[in-house]
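A.B. asks: Sequence and predicted structure are below.
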Amino acid sequence: MHIGGLLKFSLIDYPGKVAAVVFTQGCNYRCPFCHNPELVLPELFHEPIPEAEVFSFLEKRRGQLQGVTVTGGEPTLHPDLIPFLQRIKSLGYLVKLDTNGSRPDVVEEIVSLGCVDYLAMDIKTSPENYCKATGVAADIEAVQRSIRIIRGSGIAHQFRTTTLKSLVAEKDLKAIQALIGPDDEYRLQAAQLKTKVLDYASLADVADYLPEEIGALKAFYENLPDRKKEAI
Ligand code: SF4
């Protein structure tokens, strides 16, 4: 694993759990609003943290931390992700994986092997706007397959979308709603354009949502009349 960061204590990265967070290096997307460019752009990578250091820390914190969130970058790009997750689980930790859903085969294997206790997947925007939101020729079929796998996994999960006016409007929320079910946990999170982002130049003239506008967007989503959708 190429590990770009280790957050030793977090109350917000694993719902309801005190957790450590492992950040993997590398991503196949280039979301302009990404606030972790040092985990995405190879020229910004720091020297990776040795796995031995991560496991030495996790050994010491057994019984104190409840879970470990593995996030990115995009963790599913790493060929040794599954044994890495299994080793964390073998220490007695709950394991949460964050993914952009671009590698459904990996997500499926992780689900079938029972390597994780929680899955969180970004749905960047509507299928129509996906390439714009990810900055690459994203494979929307792969994303949709990951959604189906996660929904059918029986594992606790959450889908989430980062809001940005040019990428996520009400019509996009309707399209996202058609991809997930009424019982799926779904979260809208504000973009953090005030901090460093991957492609600030392309966002410089883009307005972010004001907090009250995000509130209105959430209300719009919650009040969509037909939250029961046919399977995609
Ligand atoms: S926000 Fe986009 S570019 Fe950044 S890590 Fe997530 S998927 Fe990759």
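C.D. replies: Looks like it came in fine. Numbering: from 1, shown residues only.
A.B. asks: contacts, neighbours, all on C-alpha from now
C.D. replies: Fine.
A.B. asks: Which stretches in this protein count as strands?
C.D. replies: Assigned by DSSP state E, the chain shows strands spanning 3-10, 19-24, 67-71, 94-99, 118-122, 156-163, 185-190.
A.B. asks: Worst mean pLDDT among the ones you listed?
C.D. replies: With a mean of 90, strand 185-190 has the lowest mean pLDDT of these.
A.B. asks: Can you tell me how far residue 158 is from the ligand?
C.D. replies: 15 Å (Cα to the nearest ligand atom, to the nearest Å).
A.B. asks: didn't that residue look like it was pressed against residue 121?
C.D. replies: Yes: with contacts counted by Cα atoms under 8 Å, residue 158 reaches residue 121, the gap being 6.4 Å.
A.B. asks: and these two? which has more neighbours close in?
C.D. replies: Legend: neighbour count by other Cα atoms under 10 Å for residue 158 and residue 121, higher for residue 121 (21 against 18).
A.B. asks: is the more buried one in a bridge, and if so with what?
C.D. replies: residue 99, residue 159 (DSSP bridges).
A.B. asks: Looks like it contacts residue 101 (just checking).
C.D. replies: Yes: in this structure, residue 121 is within contact of residue 101 by Cα under 8 Å, at 6.2 Å.
A.B. asks: Tell me the confidence at residue 139?
C.D. replies: 97.
A.B. asks: For burial, what's the neighbour tally of it?
C.D. replies: 14.
A.B. asks: now swap in residue 7 and tell me
C.D. replies: Residues near residue 7, counting by other Cα under 10 Å: 12.
A.B. asks: separation between it and residue 95?
C.D. replies: As for residue 7, its distance to residue 95 is 15 Å (criterion: Cα to Cα, to the nearest Å).
A.B. asks: Enumerate the residues of the protein near the ligand.
C.D. replies: Counting by Cα under 6 Å from any ligand atom, the residues of the chain close to the ligand are 27, 29, 30, 31, 34, 36, 40, 72, 73, 74, 100.
A.B. asks: most surrounded residue in those?
C.D. replies: In these, the most neighbours by other Cα under 10 Å go to residue 73, 27 neighbours.
A.B. asks: can you give me the helices in this protein?
C.D. replies: Here the chain has its helices, by DSSP state H, at 51-60, 81-90, 104-113, 130-134, 140-151, 170-177, 200-203, 211-222.
A.B. asks: Mind putting those helices into TSV with mean neighbour count?
C.D. replies: Listed next are these as TSV, based on neighbours: other Cα atoms under 10 Å:
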stretch	mean neighbour count
helix 51-60	13
helix 81-90	17
helix 104-113	17
helix 130-134	20
helix 140-151	19
helix 170-177	17
helix 200-203	13
helix 211-222	14
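A.B. asks: per-stretch mean pLDDT over these, give me the minimum one.
C.D. replies: Across those, helix 200-203 has the smallest mean pLDDT, namely a mean of 71.
A.B. asks: now it: how far from the chain's centre is it?
C.D. replies: 22 Å (Cα atoms, centre = their mean, to the nearest Å).
A.B. asks: okay, it in CSV with CA atoms only?
C.D. replies: As requested, C-alpha coordinates have been extracted for helix 200-203 and formatted as CSV (Å, rounded to 0.1, in the frame of the first residue of the first chain):
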residue,chain,number,x,y,z
TYR,A,200,-8.5,26.1,-8.4
ALA,A,201,-8.1,27.8,-11.7
SER,A,202,-11.1,26.0,-13.2
LEU,A,203,-13.2,26.9,-10.1
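A.B. asks: beta partners for the nearest residue to residue 50 once chain neighbours are set aside?
C.D. replies: Nearest residue to residue 50, sequence neighbours excluded (Cα to Cα, 6 or more residues apart in numbering): residue 3, at 7.2 Å. Using DSSP bridges, the beta-bridge partners of residue 3 come out as residue 24.
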